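J.: Quick one: sequence and predicted model below, then my questions.
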Amino acid sequence: MLADAVEKNGVDVVYMKDFEEIVKYIDENLSEGDVVITMGAGDVYKIGEEFLAQL
């Protein structure tokens, strides 16, 4: 619902249902020199941990 509401206001949105999908997206779209910041409540820090574990 949040992604739909933001998109209706003219902002590009990418919605992903789980951390695995987010990590895959980061891996496929990150370029050398990019910085990834994860913000949120709960265990959102696990996204970074999962990504780093794949390197």
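T.: Perfect, thanks for sending it.
J.: show me where this protein has helices.
T.: Counting by DSSP state H, the chain has helices at residues 2-8, 19-29, 45-54.
J.: Can you say which of those is nearest to Ile37?
T.: Comparison of those against Ile37 by CB to CB identifies helix 45-54 as nearest, at 9.0 Å. To be clear about C-beta, it is placed using only N, CA and C from the backbone, and glycine gets the same treatment.
J.: how far off helix 19-29 does that closest one point, in degrees?
T.: Orientation check (axes from the mean of the first three to the mean of the last three CA atoms, to 10 degrees): helix 45-54 against helix 19-29 gives 50 degrees.
J.: May I see the buried residues of helix 45-54?
T.: Of the residues in helix 45-54, 47, 50-51 count as buried by neighbour count, 16 or more other CB atoms under 10 Å.
J.: For the most centrally placed residue in the chain, give me its contacts.
T.: Centrality entry for the chain: nearest residue to the mean C-alpha point is Ile22, 4.5 Å, by CA atoms, centre = their mean. Ile22 is in contact with 16, 47, counting by CB atoms under 8 Å, 6 or more residues apart in numbering.
J.: Model confidence at it, what's the number?
T.: Confidence at Ile22, expressed as pLDDT, is 95.
J.: swap in Lys8?
T.: Looking at Lys8, the pLDDT reads 95.
J.: sorry, back to before: any chance of the buried residues of helix 45-54 in JSON lines, plus distance to Glu7 and pLDDT?
T.: What follows is the buried residues of helix 45-54, written out as JSON lines (distance: CB to CB, whole Å; pLDDT from 0 to 100):
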{"residue": "Ile47", "distance to Glu7": "22", "pLDDT": "95"}
{"residue": "Glu50", "distance to Glu7": "26", "pLDDT": "94"}
{"residue": "Phe51", "distance to Glu7": "25", "pLDDT": "93"}
